[in-house]
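J.: have a look; sequence and predicted model below, questions after that.
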Amino acid sequence: MTSDTASPTDDHGLYVKDSGGDGRPVVLIHGWPLSSESWSEQVPALTDAGYRVVVYDRRGFGRSDPGDSYDYDALAGDLDNVLTDLDLTDVTIVGFSMGGGEVARFASRYGTDRLHSVVFAAAVPPYLLRSDDNPDGPLPAEAAAGMRSQLEEDRDGFLDGFVTDFFSVDGELAVSEEQRQEALVLARQSDQEAALGCMDAFGGTDFRDDLPAVDVPTLVIHGDSDATVPFEGSGQRTHDAIADSELVVLAGAPHGCNVSHAEEFNAALLNFLRR
């Protein structure tokens, strides 16, 4: 594990950046297929507010090494390594998109003793894949298979289109072209095996049995115009599944709401963190 501070860490092949300081720690987990750099709108706001901010690149993305598995047990284990190696307690974990799966699986596998609170931001739980026992899942099996085939057959074209949709509402970009290109650069840094493995994981993992383990204060924040992880089939259901969770819906926001609606996103996050 590499770090931008002198914090003691073990080498798990993950790139970790720790702002350090004495503030309460906030760990930010990025979405697919980006890296920790996708939190560039949040890190300054959080550090300016006095929080100790830790970000890391998921295995096989950004500057982290690929791994031997990309299921959520392995990914939650990476999160546990980060928290343990940095000896973080009283932590708020913020999981964006795919990162919400790490939040849910971590709570069920490792408990919540280290946690102060959690945030599901445009997140994939409780279960994206539509099936007979999950009719409200927003991702039809045919669409999931099509995405995988496109990524295998035309990686560059698929990533370009995916990043465009990530930041679009009704076919119109909700961010600048420069911001879209910055995200595309991050997406292209991903290892192909990791990208495919994580696509299978976020699309096909059922978190419905994990969510009851989330027994700390919880914020669900989601854009109402998210076409990548639609609110009704994900954020709304997660909010309904976690007792006393707080819900913030960002009007007119696409999937990449932490960039397109950074001011509103940061205000909601900071308001929650102060509690």
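T.: Good, I have the coordinates.
J.: show me where the protein has its strands.
T.: If DSSP state E is used as the criterion, the strands of the chain fall at 2-3, 15-18, 25-29, 52-56, 91-96, 115-121, 168-169, 172-173, 218-223, 246-250.
J.: nearest to residue 193, out of those?
T.: Minimum separation from residue 193 across the strands of the chain (Cβ to Cβ) falls at strand 15-18, 17.7 Å. From N, CA and C alone the C-beta is placed, and that goes for glycine too.
J.: now the closest one: buried residues?
T.: 15, 16, 17, 18 (16 or more other Cβ atoms under 10 Å).
J.: same thing with stretch 96-115?
T.: For stretch 96-115, by 16+ other Cβ under 10 Å, it's 96-108, 110, 112, 114-115.
J.: now, which of those lie within helices?
T.: Applying DSSP state H to those, the entries found in helices are 99, 100, 101, 102, 103, 104, 105, 106, 107, 108, 110.
J.: which residues sit in contact with the last one?
T.: Read it as residue 110. By Cβ atoms under 8 Å, 6 or more residues apart in numbering, the residues touching residue 110 are 76, 80.
J.: can you do 6 Å?
T.: Residues near residue 110 by Cβ atoms under 6 Å, 6 or more residues apart in numbering: residue 80.
J.: now the third one
T.: Contacts were defined as Cβ under 6 Å, 6+ apart; by that measure residue 101 touches 72, 124, 202, 205.
J.: one more pass at 7 Å, please.
T.: Shown in contact with residue 101 (Cβ atoms under 7 Å, 6 or more residues apart in numbering): 72, 124, 125, 202, 205, 207.
J.: next: the fourth one.
T.: In this structure, residue 102 makes contact with 29, 72, 75, 76, 79, 95, judged by Cβ under 7 Å, 6+ apart.
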